[in-house]
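Visitor: Okay, sequence plus prediction incoming.
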Amino acid sequence: MPSDNCKVLIVDDDPAFRRALLTSLAASGFDVAEARTGEEALLVLRDKPCDIVLLDINMPGMGGIETCRRIRNLSPRIGILMVTVRDAEEDKVQALEAGADDFVTKPYRLREMIARLHAVRRRLSPPDEASATVLRAGALTLDSERRLVTKDGAEIHLSPKEYDLLSYLFKHQGALITHSKLLQGVWGAEYGGELEYLRSYVRMLRKKIEDDPSQPEYILTEPWVGYRFRNPADAESPVSDL
Amino acid sequence: MPPSHSVRRAALVLVRGVVLIAAVTAVCYRIHLNSASAALLFLIAVVLQSLDSRFWEAAIVCVLATASLDWFFIDPLFTFTVTDPLDAVTLLCLLIVSLVVTETQARSRSQAREAKRQRENMEKLYRLGAELFAQAPSAPLGPPLLEPFRTRFELDAVCLFDQASQELHEIGTSRGDLAAKTRDGYISGRNAAYPELGISVRSLRERGTLLGAIGFEGLRNPELLAPALAGLAASALERRRAFRLASTAAANARAETLRSAILDALAHEFKTPLATIVTAAGGLEATGPMSPDQRELAGMIESEAARLGDLTSRLLRLARLDREAVKPRLEPADPAEIAQGSARRYAKLWPDRQISFHANGEPGEVRVDPELMSLALSQLLENACKYSPPDARILVELSAGEKAAAIDVRNDGDPIPPNERSHIFDRFYRGTNAKQTAAGSGLGLYVARKIALAHGGDLALLDTVQDGVAFRLTLPLSKSEASVAE
């Protein structure tokens, strides 16, 4: 898998895990650096900027969330992928609100981690896709100039808000978007808690774009946290486990 | 005071009075005092006599003094006859004044005695209270609690019935079956007195709650003391009860903290090395060319370690739902969509089971938390797959009533033995077959039912199925959403 000089900083207090991940990612073509704590990570980043930080949430000292917040303040364009052992929604929401781009729960397969790293990097690189007028994901195309969505060439009729929601998700392919971020991005800054509203729109959208709305392939639910738009072309993108 | 001693004392006091009156008579007679002057001296003698004698003792001396005045000093002398009305008045005055003085003296002495006794009792009660409250609240009931009552108030016996332990504690020697009377007092919840036996029984209450009963035998002045002593006993019992409750609550809180700590430790200490194994196994392929066998083995390490990780995550999630109150985030949903989605997902996960979905009619809309509901259904399907043989049929069936939708999950397999049916939703319960067939935490069905109940529905084991096992998850339809508990 081509990982052309993507610089990754692994921040984790467990030496065995750091070593395994460092070797595996280096062998997969990444340019990898490591740090044991949040404080050390900030020092490393000052000397050697990188593209993506793989940041453990539970670390002694400053802790992952605070480190994430400081890195985000220092480098708004850096990718931050949080790693957690606790499958707790509040941790995930907290991490995303602190500025993380995504998170993975330990243990994860290396392929999944690499797919996430690529997804984060794609979103960071000056996106041709985001500015392009026609976006593609599997059988779906979204023409932002004509506000037109097609599936296998056939037009799908969407209401204006459904189109806005799909367009937002489309432009953030692979990223986990929290409910509040999605509501604010599509409906406006004054929204944030209207979860049921959002869910009913997602249901309608799934009925229109998914082959089987009960087994969605495009709009995946991250339980109690938010949604993720999956491009079927990203083979290792996770499918919701619920 | 013993009776013989009392009689001797009374005789002495009387003799002293007689001697005193005789002396006054002799002196007055010798110096030829008139009746009025003699009457005054007699009065002084009576007052002196009444200072330390009881009323009847002093009264006898009063009568003697009056008689002596009449006999020796009032004409005609040496008779009890009175001719002059003034003399009659003198005699009457002496009698009345001396009796009044005597009575007043006796009364004030009695009051002083009573006040002294009260003071002593108060002091005893105070010391008893201090002694009881100095005891550790963890001290056992029985002799340590009762002994201070007995010694401080010189009781023959004292008996306590404790409601919490339903135990009877008695010390001392009872002649009137104090234990039975104390138990009766607790059962009736009323106070009782048996004066002929010297027994007084009081029920013990604290803020209206019956804590037990206490019986005293040989208690002096029970009307006054029994309520106060019972009050102290009730406070001591309540103090022990509160301590027990606090200890239990503290122990529960400690156990819960420990459990949370173990879970968090499990999450961190167990999943971190697993993550290292999965990552290292995945990295093997990237680090260099491998033979097909090596690749297969590395793949097995990766997938099995990942499976272990998934199982851990699942167990942790169940444990969290078990620990915390389930708060569903309700939204309108189509029950068919939820049930069908779960069935399809498990059909992919367990290709060697024949999992199918069937809907009877079209139920309306339900309000559920899709994630929680999916978790509950997953648990039912997981069990159905785990506890059925390969190629077994598993049917997810949706049917609708007037007020609720029902999702049945049926599978071929060994039925649940009748004696285990009432326990399968118990926390940490695992059936005999389950223990032999597959691994599990004993939390799954408990949590699934907790989720169903939090939605205003229920999860039950159907007993109409002969071959196999069927669970029914019911959910109220949106029309009856008033019953939904959020």
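Guide: Now that the structure is in, tell me what you want to look at. Numbers count the residues shown, from 1 in each chain, chains lettered A, B, ... in the order given.

Visitor: C-alpha only now, for contacts and for neighbours.
Guide: Noted.

Visitor: Spell out which parts of chain A neighbour chain B.
Guide: Proximity of chain A to chain B (CA under 8 Å from any CA of the partner chain) is limited to residues A:14, A:16-17, A:20-21, A:23-25, A:27-28, A:85-87, A:106-111, A:196, A:199-200, A:213-215, A:223-224, A:242.

Visitor: Of the residues you listed, select the buried ones using a PyMOL command.
Guide: Buried residues within those, by 16 or more other CA atoms under 10 Å in any protein chain shown, are selected in PyMOL with:
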select buried, chain A and resi 16+17+20+21+23+24+25+27+28+85+86+87+106+107+108+109+110+111+199+213+214+215+224+242
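
Visitor: Pretty sure A:Asn5 sits against A:Ala26.
Guide: No: counting by CA atoms under 8 Å, A:Asn5 sits too far from A:Ala26 to count as a contact (10.1 Å).

Visitor: doesn't A:Tyr168 fall inside a strand?
Guide: No: going by DSSP: H, G, I helix; E, B strand; the rest coil, the assignment for A:Tyr168 is helix, not a strand.

Visitor: Enumerate every residue touching it.
Guide: If a contact means CA atoms under 8 Å, 6 or more residues apart in numbering or on different chains, then A:Tyr168 has A:Leu182, A:Gly185, A:Val186 as its contacts.

Visitor: I'd like to know how far it sits from chain B.
Guide: Plainly put, A:Tyr168 is 23 Å away from chain B if you go by CA to the nearest CA, to the nearest Å.

Visitor: And A:Asp211, by the same measure?
Guide: Distance from A:Asp211 to chain B, counting by CA to the nearest CA: 12 Å.

Visitor: tell me the contacts of that residue?
Guide: Contact analysis of A:Asp211 by CA under 8 Å, 6+ apart lists nothing.

Visitor: Quick check: which element contains it?
Guide: For A:Asp211, there is no enclosing helix or strand under DSSP states H and E.

Visitor: Phi first, then psi, for it.
Guide: Main-chain torsions, A:Asp211, degrees, to the nearest 10: phi -70, psi -40.

Visitor: thinking again about what came up before, now, which of the residues of chain A next to chain B lie within helices?
Guide: The helices, defined by DSSP state H, take in A:16-17, A:20-21, A:23-25, A:27, A:110-111, A:196, A:199-200 from the residues of chain A next to chain B.

Visitor: Mind picking the lowest-pLDDT entry from those residues?
Guide: Here the lowest pLDDT out of those sits on A:Glu196, with 77.

Visitor: Could you double-check that that one sits in contact with B:Val368?
Guide: No: counting by CA under 8 Å, A:Glu196 sits too far from B:Val368 to count as a contact (11.1 Å).

Visitor: Now the common contact residues for the two.
Guide: B:Leu330, B:Glu331.

Visitor: Point me to the residue sitting closest to the centre of chain A.
Guide: A:Ala175 (2.5 Å; CA atoms, centre = their mean).

Visitor: for it, what are its contacts?
Guide: A:Asp101, A:Asp102, A:Ala119, A:Val120, A:Arg228, A:Phe229.

Visitor: what about the nearest residue to the second one once chain neighbours are set aside, neighbour count?
Guide: The shortest distance from A:Asp102 to any residue that is not its chain neighbour, by CA to CA, 6 or more residues apart in numbering or on different chains, is 5.0 Å, and that residue is A:Leu81. The tally of other residues near A:Leu81 (other CA atoms under 10 Å in any protein chain shown) stands at 25.

Visitor: what about A:Leu81, distance to A:Asp12?
Guide: To A:Asp12, A:Leu81 is 12 Å away according to CA to CA, to the nearest Å.

Visitor: Give me the common contacts of those two.
Guide: A:Leu55.

Visitor: Show me the beta-bridge partners of the residue of chain A positioned farthest from its centre.
Guide: Distance to the chain centre peaks in chain A at A:Ala154, reaching 28.8 Å (criterion: CA atoms, centre = their mean). Following DSSP bridges, A:Ala154 is listed with bridge partners A:Lys151.

Visitor: on that earlier part again, out of A:Asn5 and A:Ala26, which sits in the more crowded spot?
Guide: Using other CA under 10 Å, the more surrounded residue of A:Asn5 and A:Ala26 is A:Ala26, with 19 against 12.

Visitor: and B:Ala339, what does it touch?
Guide: Contact partners of B:Ala339, counting by CA under 8 Å, 6+ apart, are B:Phe357, B:Leu377, B:Val396, B:Leu398, B:Ile407.

Visitor: now, which of those residues lie within strands?
Guide: Counting by DSSP state E, the part of those found in strands is B:Phe357, B:Val396, B:Leu398, B:Ile407.

Visitor: ok, so of the residues you listed, who is nearest chain A?
Guide: B:Phe357 (12.8 Å; CA to the nearest CA).

Visitor: What residues does the closest one make contact with?
Guide: Per CA under 8 Å, 6+ apart, neighbours of B:Phe357: B:Ala339, B:Gln340, B:Ala343, B:Leu395, B:Val396, B:Glu397, B:Leu398.

Visitor: could you point out which element follows the lowest-mean-pLDDT helix or strand in chain A?
Guide: For chain A, counting by mean pLDDT, DSSP states H and E, helix A:128-131 ranks last in confidence among helices and strands (a mean of 53). Downstream of helix A:128-131, the next assigned helix or strand under DSSP H and E is strand A:134-137.

Visitor: centre of the chain versus that following strand, how much separation?
Guide: Chain-centre distance of strand A:134-137: 18 Å, with CA atoms, centre = their mean, to the nearest Å.

Visitor: before we move on, what about stretch A:40-49?
Guide: Offset of stretch A:40-49 from its chain centre (CA atoms, centre = their mean): 23 Å.

Visitor: If we go by neighbour counts, what in it is buried?
Guide: With the criterion 16+ other CA under 10 Å, stretch A:40-49 contains buried residues A:Ala41, A:Leu42, A:Val44, A:Leu45.

Visitor: With respect to chain B, which of those residues is nearest?
Guide: A:Ala41 (19.9 Å).

Visitor: roughly how far apart are the closest residue to the closest one other than its chain neighbours and chain B?
Guide: Among residues not flanking A:Ala41 along the chain, A:Ala35 sits closest, at 5.2 Å (CA to CA, 6+ apart). Using CA to the nearest CA, A:Ala35 is found at 16 Å from chain B.

Visitor: For A:Ala35, give me phi and psi.
Guide: Main-chain dihedrals, A:Ala35, degrees, to the nearest 10: phi -150, psi 150.

Visitor: from memory it sits against A:Ile10, does it?
Guide: Yes: look at A:Ala35 against A:Ile10 with CA under 8 Å: they come within range, at 6.2 Å.

Visitor: phi, psi of the closest residue to chain A within the stretch 51-200 of chain B?
Guide: Going by CA to the nearest CA, chain A is nearest to B:Ser138 of the stretch 51-200 of chain B, at 40.6 Å. The phi/psi pair for B:Ser138 (degrees, to the nearest 10) reads phi -90, psi 0.

Visitor: for the closest residue to it other than its chain neighbours, what are its contacts?
Guide: Closest residue in space to B:Ser138, ignoring its immediate chain neighbours: B:Arg240 at 6.4 Å, by CA to CA, 6+ apart. Applying CA under 8 Å, 6+ apart, we find B:Arg240 in contact with B:Pro137, B:Ser138, B:Ala139.

Visitor: No further queries at this time; thank you.
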